[in-house]
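Trainee: heads up, no residue letters with this:
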DNA sequence: TTTGGAATATTTACACTGTTAAGTAAATTT
DNA sequence: AAATTTACTTAACAGTGTAAATATTCCAAA
């Protein structure tokens, strides 16, 4: 059936348009300025048409949240080249911080806003993207332990500790909580990096007998 | 002038009523359910009256944010009894985590939402509460270093690292990002504690020559 | 005691928000 | 060509924060 197929494609095309318009608003004007009506303006359809393609606004944000993970994943491709697992861990942390600071709105959606997670449980499925990222962290940590770069300990606890640290760094910075600790804007990123370096150095036992 | 004085008191009284109503809504129904109109319903005034006592909604939230810090400060009074600075650091972290998990809405306002910080720069003043808390952390760390409990390093960097870790723990937990890592709800708090314990143990060099 | 003015409170209104239900026009099938 | 399905729009509801205009209350001076 050629017609049904074409229709299917048209439907996907409009879906794509909606997401692109949302993304544009989202990146250029931030989370709070993405409204159904403004999306509708951009794609030149009436606001209610959007509901024929997405259940509600949160479903749009859920999709944007997934795009964010794709972006991060892309950034992390370079990690495969790093054989030393501790160096890889360090670079992984740097990428995470850089991603968060350069894409604060995406970061919000991925790790701060409640909506995407609620959508997830509503749809009864798993947080595949987040879990994949977490698994990568954990695997790297286990490798570090096996090769004697860091002390042996519960990998889950350690994953949580490290993720919390980098997430804490990014979210405190993007939510303006570091203005006293780091008064000048241009020093924020270096400071976050220093903090991460401290963490990795503290973990490192390879040079300590 | 007895009359002017009484009027002053009445004005403060209504201010207090507004804040109490906001707090009630805030604690019982959460951030997003605090609206000017609902506050007005509770205090039995028209919505616009509120603007005679607060410049805008964010100013109300700014005040709630300060109340949150008072609550946390109250919780931290017990810290004075702990002479061992490393133990004190540990307890400080536990209090922080407990406060965040038990008062997620306050925590939001204090460390996640952007509004209170924007209000702050708008008013041209400092984040006294946050800074005071940070100073306590830093002082404790310096004491730990001086007494040989932890390795000597830049106290600012270390303050940031530790704060980031505990903030990361609380915010990932309250924003539903740990559901894969810690599937059962009742295990979340213990897990956060374990993560903190790992951090403190890693810092501790007192038993290592 | 009455009057004028300041302080306080309310009404009305604007410009938004997400979302639903009903109505319409076009495309496709019968 | 008529009937039916699909795609889309219009109108509407129930909210939101907030500004301006209006009304009311209160107190001090004439």
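Mentor: Now that the structure is in, tell me what you want to look at. What you see is a predicted model, and the numbers here were worked out from it, not measured in a lab.
Trainee: Phi first, then psi, for residue A:204.
Mentor: The phi/psi pair for residue A:204 (degrees, to the nearest 10) reads phi -60, psi 120.
Trainee: residues contacting it?
Mentor: A:86, A:149-150 (C-beta atoms under 8 Å, 6 or more residues apart in numbering or on different chains). C-beta: built from backbone N, CA, C; applies to glycine.
Trainee: The residues you listed into TSV, with extra columns for secondary structure?
Mentor: What follows is the contacts of residue A:204, written out as TSV (DSSP: H, G, I helix; E, B strand; the rest coil):
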residue	secondary structure
A:86	helix
A:149	coil
A:150	strand
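Trainee: three-state assignment of residue A:181?
Mentor: The three-state label for residue A:181, taken from three-state DSSP, comes out as coil.
Trainee: What residues of the strand or helix carrying residue A:87 count as buried?
Mentor: Applying DSSP states H and E as the criterion places residue A:87 in helix A:85-102. Neighbour-count burial for helix A:85-102, counted by 16 or more other C-beta atoms under 10 Å in any protein chain shown, picks out A:85-86, A:88-101.
Trainee: Now find how far off-centre the helix or strand following it is within its chain.
Mentor: Going down the chain from helix A:85-102, the next helix or strand is helix A:104-107, by DSSP H and E. In terms of C-alpha atoms, centre = their mean, to the nearest Å, the centre of helix A:104-107 is set 7 Å apart from its chain centre.
Trainee: by contact count, what packs against helix A:104-107?
Mentor: helix A:2-29, helix A:57-75, helix A:85-102, helix A:155-174 (3 or more C-beta pairs under 8 Å, 6 or more residues apart in numbering or on different chains; DSSP states H and E).
Trainee: which residue packs closest to residue A:36, ignoring adjacent ones?
Mentor: With sequence-adjacent residues excluded and distances taken as C-beta to C-beta, 6 or more residues apart in numbering or on different chains, residue A:36 is closest to residue A:47, at 5.0 Å.
Trainee: neighbours of that neighbour, just the number please.
Mentor: Residues contacting residue A:47 under the criterion other C-beta atoms under 10 Å in any protein chain shown number 13.
Trainee: show me the contacts for it.
Mentor: A:36-37, A:39-40.
Trainee: tell me the most buried of the helices and strands packed on helix A:104-107?
Mentor: Mean neighbour count (mean count of other C-beta atoms under 10 Å in any protein chain shown) peaks for helix A:155-174 among the helices and strands packed on helix A:104-107, with a mean of 24.
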